[in-house]
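Chemist: Next input, structure requested:
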Amino acid sequence: MPATRETILTALADILRTIPHVSVLRGDVLPERIPPSGLMILRDGNPGEPGVTLSPLMYHYQHRAELEVIVQSGTARDALFNQLIGRIGATIAADRTLGGLCDWVEPEAPEPVDLPVEGASSFKAAVVPVVLHYATADPLG
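Modeler: Numbers count the residues shown, from 1 in each chain. Presented below is the predicted three-dimensional model:
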């Protein structure tokens, strides 16, 4: 049986894959080519130090996953990036508990950067921290 953490991260990747025309990878390296409508790479991030309750024993996490968002589409790049960030927010807001798997999912504001590419249009990219609030009876689960 997969760990609670893995189940939640998989569910997050799955709901992000419902955003049309955007590729979503999980923990992969940046590919050589960025799809025209953008790319997201979900990184596992850090579960942090849990809060603990003793009766019953539960570990309460505020896990910070990271979602790398990258677009490269010439003159429409900024608009495409802003649309993609908006669709990410709307998709997460539609199911903040990932079907009841976690207590709350909260994306944080991105800090976009322009990354130059030699001989091609530059990337617009950002890391979007996504805080996953959940509890588990096993700190390894």
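Chemist: Tell me, please, the helix or strand in the protein that averages the lowest pLDDT.
Modeler: Lowest mean confidence among the helices and strands of the chain (mean pLDDT, DSSP states H and E): strand 113-117, at a mean of 84.
Chemist: Need the nearest residue in space to residue 98, chain neighbours excluded.
Modeler: Spatial nearest neighbour of residue 98, excluding adjacent residues (CB to CB, 6 or more residues apart in numbering): residue 11 at 4.2 Å. The way it works is simple: take the backbone N, C-alpha and C, and place the C-beta from them, glycine included.
Chemist: Give me the buried positions along the host helix or strand of the one you found.
Modeler: Taking DSSP states H and E as the definition, residue 11 sits inside helix 4-16. Applying a neighbour-count criterion of 16 or more other CB atoms under 10 Å, one finds 4, 5, 7, 8, 9, 11, 12, 13, 15, 16 buried in helix 4-16.
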